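**Student:** build the 3D model from these lines:
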Amino acid sequence: MHRSRAPLARILAVLTAVLVVLATLVVGAPGATAAPWQPKTPPLTTPWTSQVSPTNALPEYPRPQLVRPDWLNLNGVWEFAGAPNLNSPPFNRSLSEGVLVPYPIESALSGIKRHEDTMFYRRTFTVPSNWNGRRVKLNFGAVTWESLVWVNGTQVGRHTGGYDAFSFDITSALRPGTNELIVGVSSPIDGSTYPIGKQRRDPSGIWYTAASGIWQTVWLEPVNAAHITRLDTTPDVQAGVLDLVVQGSGRQARAEVLSGGQVVGSATGAVGSHIRVPVPDARLWSPSDPFLYDLRVTLLGEGGGDVVTGYFGMRSIGKAMVGGVLRPVLNGKFVFHLGTLDQGYWPDGVYTAPTDEALRFDLERQKALGFNMVRKHIKVEPARWFYWADRLGLMVWQDMPSLDSVDDTPERSHANFESELRRIVDQLKGITSIVMWVPFNEGWGEYDNGRIVDLVRSIDPTRLINHNSGSNCCVSDPEPSNGDVIDDHYYQMSPGTRLPTATRVAVLGEFGGLGRRVVGHEYQPGAGFAYGDLYPDERSLTNRYVEITKEVGRFVHGRGLSGSVYTEPYDVENEVNGFYTYDRRVLKMTESRVREVNQRVLAMAAGTEVGRGEPVSLRVTTSVYTDRYLRHADSLARTDVIDGGSGDVAKQDATFWARPGLADATCLSFESRNFPGEFLRHSTWRVRRDRNDGSATFAADATFCAREGQGGTALESYNYRGHFIRHFNELVYIARQGGANPWDTGTGFAADTTWAATIPLWRSGAGLPLNQARSLRVTTPGHTNRYLRHADSLARTDVVDGQSPSLLKADATFVVRRGLADPTCYSLESRNHPGRYLRHSAFRVRLDPSEATDLYRRDATFCAQPGAAAGSVRLASINELGTNVRHYAEEVWVASSGGQHTYDNPDMYAEDTSWAVEAPWG
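**Tutor:** Model (predicted):
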C-alpha cells in the first residue's frame, strides 16, 4: 500500500511545483498585472541566481535605520516597455514585457537584459484595508536617473539622481480597490551631465555595464499625518550621549536607546532639534567589536503616535598625532584601515545583488580574509549593505559616483553632481561604519575640489574627507589645502607613498590589481585582464599578494602609512583582479595565507608585531624627538639623530635583525646588523649590545615581547615583566613606570617606551666592498664553476677558470658601487664597460649604459642580504618586491620564489639566488 501511494505523492508534488512556476511566470508578483517574465541567461551565475523568483525578489525590509511594522513590498514582476520619451505614459494600457523589479534592465535577472534610454514600468496594487485613515507613501531605494511617477493617471512626483532614496505621498491619488502605478525613467547614461560611476553604454576595460531604471526596492508604507522621515544619529563618545535629530513633522519626540531589549537611556526634545540621549558606560563600536545599540523614537503630542526603530553604534572618528605621526583615530586610537576596492557589481544583477544573503556574503568574506575596511568605489549601495557593514564591523570609505572621466566637465553637470552629493551624504551620515567621504577619484570629473571639501564638511563635519583618491595620478587637479588625506595609487608599490603632513594623513588608496583567470568562471573567456600581472595558479598569486602586503606593513611606520586599499575583492566583468571570481564561486588565493599577512599588517600598526625575520630600525616616537633612533655605540644602546646625511656606521649601528626571541620564539630578540651574533640585552637596567654566550640568562636578558604602545611598539622585558625599553636623556634602559630609578619616572613614560619599527636605515643585511672589483660565483651544487657575466648586453652564467679568455674574465668582473637609487644598497658597474651597470628590464638582468632616470637607478640597485650558502650574498631588487638575482638555465633574471614565470620555480631557489663574492677575474 505504501509503495502505491509514494509515487503518486511525488507526481502530485512535481505537478504542483510546475503549476506554481507557470502561474508565477504569467501572473508575476501579487498585485502586478499579467506580464510574462523570463530571466535571461547571465554571463555567469552566482550561487544565488537560481534563488531569485517573482515571489522573493529582495523581500527584506529595505531601510534598517528607519523601520515601521506595516509595509508592502512592490518588488516583483512589473510590465515594461521602452519608449522614445516620457511624454505619453501608458495609462490603462498593458505593456508587452515583464521586468523583475528591482533588478536593472541590463541585468539577466530583470528579464530584459538590454539598455533603454527611456522606459516605462507599470503594475497595479491594492492598499491593505487596515491602512485606512493614514497617509500612504511610495518609497524608492534608487532609480537611475530621472523618474516620473503616476498613480491612477495623476503625476505624484519627479526625482533626479541615481543613488539616493526618495519618497512620494500618493494618498490623494489613491482609489478603492486596484490602483495603477506607472514609473517613467530616463537613463541615457550621460556622464557629462550627471554622476554615473563606472557605468558605460559600451562597456570595456575598466568601464562596466550600465544599470538603468529601478535598481533598488520599491515599497509602500502607511504613516500618520505627523511622521518621522529620517533619524540623524551622531554619537558623542566623550559626552556619553547620542546626538539625535529627528527629521519630519510633529513637535516633540521621545528617543529611547536599548541594549539587549532593555532601555539604557532616553530623552525628549523638539523635532528638528538636537536631542541628547544618554548612553551610559557606552560599549564602543569598532571592527573588533561591532556592537550596535537599538533606537526607538516616538512622536508625542497632538497628531503624534508615529513609532520607528533603528540602530546606531557609539564611536568617534578623527585624526591626531600618534607616535609623532598624524593618524586617523577611531575612538581616540589609531586603527590601520586595511581595505579593499569593492565595486559592487554582479554578473546576474549588475548593480543589484541577487539576494540579501549575497549582499552579506560579499562583506562577510572580506572580513574573513582579515580586512577591517571597505572602500565603496564610486557607487552607493542599498541601505541593507551598510547595515551589514555596521553589523559585521567593516569601516567604510564612501566614494561619490563620478562624472565621466574627463578633465573638464561642463557646467551643467556641476549642479547635478553637488545636488546628489548633498543628498547622499545627508542620507548616509547616520551610518556607523562610514568613516571617510571621497568626493573624487583620480581626478575623474574633478572641479573646485577645495569648495567641494567645504561642501561635504558643512553637511557632515564628523568624518574625514579624502578630496580625491589617487591625487598623485591621472587627471587629478592640484590638491586643495583643506582636505584630511594624502591618497596615492601605486599598484606595485615600489616608488613608495607620500608622507603624511601636520594636517593630512597618508593612505594608499589603491594597490595590487593582481590577476588570475579561472577557466569556467570568466565573464568572456580569454578576455580577462588585470591591473598588474596575470598569475597562473593559486600559489603564485598568493605569493605575490603576501609580498606586496608585507610592504604595506613596512610602510605603516616606515612611511607613516595609515590605510591601504587592495584592488579588489571580486572580479568585475573582464577585470580579473579579485580574490574571488566574478561569480563568487572560486577563491583564487589561499585564504589562510591572505588572512595571516593581513593580520600581520594590523598587528604591526597596533605595535604587537615588528618585521620579524627582517632588518628593522627603531625610531623614537616621543614628540620633538622623532628624528632619533635606537643605536649601539661602544656596545651601549643610546638614541641619536640619524637621517640621510648621517654616516654609514650610524645607520648600520641603528639597524637590527628582528629574530624570534632567544628565550621565547613568540617574542623578539634584536641582532646587530654589523656585529652578527651580538644582541641587544639588558644588564643592570642598561640596554647594551653583547655577544650571545648561549646561556639561559643571556637569552632571557636579550628577549623582549612586543606590546601595543602609544602609536607603535612597546618592548617589554621577558624576564622583568612590567619593564620596557625606554630612552631617557639619550640613553636606553629597561624601565618600570613609578620605579625607584630616575629613568622610571612616569612623565612621558608611554611615549618614551613606544618605538616605531621602520624600514631599516641600512637596507643591506650583508656587506660588499665598495669601489672594489669582484666576481660573483654560482653556489648551486653542480654548477659552482660558473660565474655571472655579461654577453651581448645580457647577463648569464658561464664556466670561468684560469684558462678562460681574458674577455670572458673581464665580462665576469664588476666594480661594487653605492646603490644608484639607495646608498645603503649596491650597484654593479661593468669592469670593462665603465658607466654601464647591471640592471633588470622585464625581469631579465642585462648591462645597459647609465640613464638619468629614476627607473634606471632603481632597476640597477640591489640590496645585499645573507645568502643560503655560508658567506654568500643574495641580491634583492628594490623595485620588484620579493625578487632576487637568480641564474636559471644559464640566463639571469630577477625572480621570486613561486611566482608566475618559469624562472620563478621554487626548486633550488635559495641556492640559485646565492652568490659567492670572490676576487675579480679581470
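
**Student:** doesn't residue 445 make contact with residue 403?
**Tutor:** Yes - the pair residue 403 and residue 445 passes the contact test of C-beta atoms under 8 Å, sitting 2.9 Å apart. Placement of C-beta: from N, CA and C, glycine included.

**Student:** what do these two both touch?
**Tutor:** Common neighbours of residue 403 and residue 445, using C-beta atoms under 8 Å, 6 or more residues apart in numbering, are 191, 195, 409, 413, 417.

**Student:** pick out the lowest-pLDDT one from the residues you listed.
**Tutor:** Lowest in pLDDT among those is residue 409, which has 89.

**Student:** from residue 111, how far off is residue 870?
**Tutor:** 70 Å (C-beta to C-beta, to the nearest Å).

**Student:** scratch that, residue 742 is what I was asking about
**Tutor:** Taking C-beta to C-beta, one finds residue 742 at 79 Å from residue 111.

**Student:** the two: which has the busier surroundings?
**Tutor:** Counted by other C-beta atoms under 10 Å, residue 742 and residue 111 do not tie: residue 111 has more neighbours, with 22 against 10.

**Student:** assess the claim that the more buried one and residue 40 are in contact.
**Tutor:** Yes - here residue 111 reaches residue 40: they are 6.3 Å apart, a contact under C-beta under 8 Å.

**Student:** hmm, back to that, of the shared contacts of residue 403 and residue 445, which is the most crowded?
**Tutor:** Highest neighbour count within the shared contacts of residue 403 and residue 445: residue 195, with 27 neighbours (other C-beta under 10 Å).

**Student:** thought it was touching residue 162?
**Tutor:** Yes - Residue 195 is within contact range of residue 162, at 6.8 Å (criterion: C-beta under 8 Å).

**Student:** where does the chain have low pLDDT?
**Tutor:** 1-34, 303 (pLDDT under 70).

**Student:** tell me which element the residue nearest to residue 573 when sequence neighbours are not counted is part of?
**Tutor:** With sequence-adjacent residues excluded and distances taken as C-beta to C-beta, 6 or more residues apart in numbering, residue 573 is closest to residue 523, at 4.8 Å. Using DSSP states H and E, residue 523 sits in no helix or strand.

**Student:** residue 523: how many residues sit nearby?
**Tutor:** Neighbour tally, residue 523, other C-beta under 10 Å: 21.

**Student:** for residue 78, give me its contacts.
**Tutor:** Residue 78 touches 28, 32, 35, 98, 99, 100, 101, 121, 122, 123, counting by C-beta under 8 Å, 6+ apart.

**Student:** from residue 807, how far off is it?
**Tutor:** The gap separating residue 78 from residue 807 is 81 Å, by C-beta to C-beta.

**Student:** do the same with residue 352
**Tutor:** Taking C-beta to C-beta, one finds residue 352 at 69 Å from residue 807.

**Student:** the two: which is more packed in?
**Tutor:** residue 352 (30 against 12).

**Student:** what residues are up against that one?
**Tutor:** Listed by C-beta under 8 Å, 6+ apart, the contact set of residue 352 reads 58, 102, 103, 104, 107, 109, 211, 215, 216, 346, 382.

**Student:** which one of the residues you listed sits in the busiest neighbourhood?
**Tutor:** residue 103 (32 neighbours).

**Student:** in which helix or strand would I find that residue?
**Tutor:** Here residue 103 is assigned to no helix or strand, by DSSP H and E.

**Student:** try residue 148
**Tutor:** In the assignment (DSSP H and E), residue 148 maps to strand 146-151.

**Student:** and that strand, what does it pack onto?
**Tutor:** Applying 3 or more C-beta pairs under 8 Å, 6 or more residues apart in numbering; DSSP states H and E, we find strand 146-151 packed against strand 135-140, strand 154-160, strand 178-186.
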